[in-house]
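Peer 1: The sequence and its predicted three-dimensional model are supplied below.
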Amino acid sequence: MEEKLIIGIGEFKVAKNPAILITLGLGSCVGVCLRDKKSHIGGMIHVMLPELKDQNGNPTKYADPGIKLMVNEMIKMGANVKDMEAKIAGGASMFESKGFEIGKKNADKIKEVLRDLGIRILAEDTGGNRARSIEYKIEDGTLMIKKVGGKESIEIIQI
Amino acid sequence: MKWKDMVNPMQMDVLKEIGNIGAGNAATSLSTMISKEVEIDVPTVKLVDLSELYEYLKNPEEIVASTIVGIKGEAPGKMLMNFDSDSTKHLIELLTGERPEDLTNMNEMERSVVSEIGNIICSTYVISLSNFTSLFLETEVPILLVDMFAAIISETSIMASKDYDDVLMIETILKVHNGQKLNGFLTMFPEPGSLDVIFKKLGLS
């Protein structure tokens, strides 16, 4: 039985297979899921904002440097950056108001950080206006995404 | 940055009192709209770490209907009026005579009813805050969202105070007793500079 780890807002967790990483209620926030496909070490970060500007802030809330901190943690556990792959989900704009496009900015920054690290994004489900909850299986890298669908149901997709 | 390090216990009490005045008036306006008695719980001021928000919300994936009203003026922030699915349907039924089947597929009329109820409650709250503090405050156009509770709360808090690592919520539960339960969760999220303005105006800083 896999261990289920819940990642809070602005946090990350890393784990070795077997484990399922979960985060809930991603609006403009983005869940970044990484795994080393050889050593089966994985991690998930719940990114709230693109970039840390104030040094007093909590670094794991931000794509930069949060993702790098998570990658370092994974390396410490024995993972290799060159074997890492990524999936991302989130970055919705729940409020259709102008000027609040944090979701898109988050996703863009995340892609930039991953590109700089040389980590390929295998799949993504970003944008739109609905919140997401996600579950990432370290073993095979499947990412299950839940959104509120019609008839108050939960719509599930897998990427 | 954390609210926790910035607000002292006496200021917390003041925020509670603000919540009390705001929610009291908001309850009266809801009561007038639906012609039913509305009760409020004693408001509480909650400081919750972002990373602990899921545990705090108990049912973070619950589908809810929330009206978000921005506060502009001297002490900006956000107001959020949140009703669970059953309560939202019940409110619509009270006001239109028909109970909607599906919150995720409301018609124009139903959306407008929910949004207007939220708007009136939030605006009443803001007006009483404005009167109490003699600060100039106005409300923005309401936004109605039907989605997961945790996402709505975290999204609203990011809009109000994105650089903070915890959430400051001045919250009240509104209840209507008429056979069917009706629970609402009314919360104010101040922006960082706003508390200073409010405390200064009340001679507390």
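Peer 2: That came in fine, so what should we check first?
Peer 1: Flag the shaky bits of chain A, pLDDT-wise.
Peer 2: A:1, A:96-100 (pLDDT under 70).
Peer 1: Might you enumerate the residues of it proximal to chain B?
Peer 2: A:6, A:8-11, A:24-29, A:48-49, A:54, A:56-58, A:61, A:94-97, A:100, A:102, A:130-133, A:146, A:148-154 (C-beta under 8 Å from any C-beta of the partner chain). Placement of C-beta: from N, CA and C, glycine included.
Peer 1: separation between B:Asp84 and A:Asp83?
Peer 2: B:Asp84 sits 45 Å away from A:Asp83, taking C-beta to C-beta, to the nearest Å as the criterion.
Peer 1: higher neighbour count, these two?
Peer 2: B:Asp84 (20 against 14; other C-beta atoms under 10 Å in any protein chain shown).
Peer 1: Tell me what that one is bridged to.
Peer 2: B:Val64 (DSSP bridges).
Peer 1: Contacts only, for it.
Peer 2: B:Asp84 sits next to B:62, B:64, B:183 when contact means C-beta atoms under 8 Å, 6 or more residues apart in numbering or on different chains.
Peer 1: Most neighbours among those, which one is it?
Peer 2: Ranked by neighbours (other C-beta under 10 Å), these are led by B:Val64, which has 23 neighbours.
Peer 1: Can you list the buried residues in stretch A:61-78?
Peer 2: A:61-64, A:66-67, A:69-71, A:73-74 (16 or more other C-beta atoms under 10 Å in any protein chain shown).
Peer 1: Likewise for stretch B:111-128?
Peer 2: B:111, B:113-115, B:117-128.
Peer 1: of those residues, closest to B:Val45?
Peer 2: B:Tyr125 (14.6 Å; C-beta to C-beta).
Peer 1: ok so, going back, can I get the contacts of B:Asp84 in JSON lines including pLDDT?
Peer 2: As requested, these are exported to JSON lines (pLDDT from 0 to 100):
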{"residue": "B:Glu62", "pLDDT": "88"}
{"residue": "B:Val64", "pLDDT": "92"}
{"residue": "B:Asn183", "pLDDT": "80"}
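Peer 1: and which of these is nearest B:Gln11?
Peer 2: B:Asn183 (28.3 Å).
Peer 1: B:Met81 is in contact with the closest one, correct?
Peer 2: No - B:Asn183 is not in contact with B:Met81 according to C-beta atoms under 8 Å; the separation is 11.7 Å.
Peer 1: elements contacting the helix or strand encompassing A:Asp64?
Peer 2: Assigned by DSSP states H and E, A:Asp64 belongs to helix A:63-76. In terms of contacts (3 or more C-beta pairs under 8 Å, 6 or more residues apart in numbering or on different chains; DSSP states H and E), helix A:63-76 is packed against strand A:12-16, strand A:30-36, strand A:41-47, strand A:49-51, helix A:102-117.
Peer 1: who does the last one touch, helix- and strand-wise?
Peer 2: This means helix A:102-117. On the basis of 3+ C-beta pairs under 8 Å, 6+ apart, helix A:102-117 makes packing contacts with strand A:30-36, strand A:49-51, helix A:63-76, strand A:84-90, strand A:120-126.
Peer 1: In space, what's closest to B:Val45 - neighbours in sequence excluded?
Peer 2: B:Leu15 (4.6 Å; C-beta to C-beta, 6 or more residues apart in numbering or on different chains).
Peer 1: Identify each buried residue in the strand or helix carrying that neighbour, please.
Peer 2: Assigned by DSSP H and E, B:Leu15 falls within helix B:9-34. Going by neighbour count (16+ other C-beta under 10 Å), the buried part of helix B:9-34 is B:11, B:14-16, B:18-23, B:25-27, B:29-30, B:33-34.
Peer 1: For B:Asp165, which of the helices and strands packed on helix A:63-76 is the nearest?
Peer 2: Going by C-beta to C-beta, the one of those nearest B:Asp165 is strand A:49-51, 11.4 Å.
Peer 1: So A:Arg120 versus A:Ala15, what's the distance?
Peer 2: Taking C-beta to C-beta, one finds A:Arg120 at 21 Å from A:Ala15.
Peer 1: what's the spacing between the nearest residue to B:Ala150 once chain neighbours are set aside and B:Lys201?
Peer 2: Leaving out its chain neighbours, the residue that sits closest to B:Ala150 by C-beta to C-beta, 6+ apart is A:Gly25, at 2.9 Å. Noted for A:Gly25: a distance of 35 Å to B:Lys201, by C-beta to C-beta.
Peer 1: And the two? Which one has more around it.
Peer 2: The neighbour count for A:Gly25 versus B:Lys201, taken as other C-beta under 10 Å, is higher for A:Gly25 (25 against 15).
Peer 1: Make sure I have this right: that one is in a helix.
Peer 2: No - if the criterion is DSSP: H, G, I helix; E, B strand; the rest coil, then A:Gly25 is strand and not within a helix.
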